[in-house]
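> Next one to model:
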Amino acid sequence: MASKRIFFRFSNNGLLPADSWAASQLQEKRFHNGDIVAAQLWKLNNPGFHRLIHRIGQLCASNIEAFDGMDAHRVIKRIQLEGNIACDEIAGILPGTGAVTWRIPQSISFDSMDDSERHELAISMCRHISVRYWSTLTAEQIEQMAENFVND
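Below is the predicted model of the structure:
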């Protein structure tokens, strides 16, 4: 059975239970002051960054001919691949060709990427779009357009 996530609040004194439920979960697990525990920490996600990335995809699909007919998700994955943004690389041998490297875009789901990584992804995507597709606009202008974009 998977463990329940327990949320903490960062303070100058360390990590504190975020609420009374979190404190009760720690008591239930019989944790005591001084115990050494293992944890994987990440900042909880701001839905705004997730929404921003999808708006970047929608903005491109609606305004850049190279993305015509694509939905926001496909645009995002293509930009990740083109810009090598948040991609895993796998090396292999392709018969008749030799050594090759495949890029696989990482998931941007809430469970796969933390807030700071998602924000960096959005900034990197805007930089790539500015360089490759919209050289008349800065990355910051593209981000601002995406934040204000409303798809009809």
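> would you list every one of the strands in the protein?
Using DSSP state E, the strands assigned to the chain run over residues 8-11, 14-17, 87-94, 98-105.
> Quick check: which helices or strands does the last one pack against?
What it means is strand 98-105. helix 72-83, strand 87-94 (3 or more C-beta pairs under 8 Å, 6 or more residues apart in numbering; DSSP states H and E). In short, each C-beta sits where N, CA and C put it, glycine included.
> Out of the strands of the chain, the one nearest residue 24 is which?
Comparing the strands of the chain by their distance to residue 24 (C-beta to C-beta), the top pick is strand 14-17, with 8.5 Å.
> Identify the residue spatially nearest to residue 55, adjacent ones excluded.
Using C-beta to C-beta, 6 or more residues apart in numbering and skipping the chain neighbours, the partner closest in space to residue 55 is residue 146 (4.3 Å).
> How many residues are close by that neighbour?
When counting by other C-beta atoms under 10 Å, one arrives at 22 neighbours for residue 146.
> Now do residue 35: how many residues are near it, please.
When neighbours are counted by other C-beta under 10 Å, residue 35 registers 9.
> Local confidence estimate at it?
Listed pLDDT for residue 35 reads 86.
> thinking residue 133 is in contact with residue 66, fair?
Yes: if you go by C-beta atoms under 8 Å, residue 133 and residue 66 touch, sitting 6.5 Å apart.
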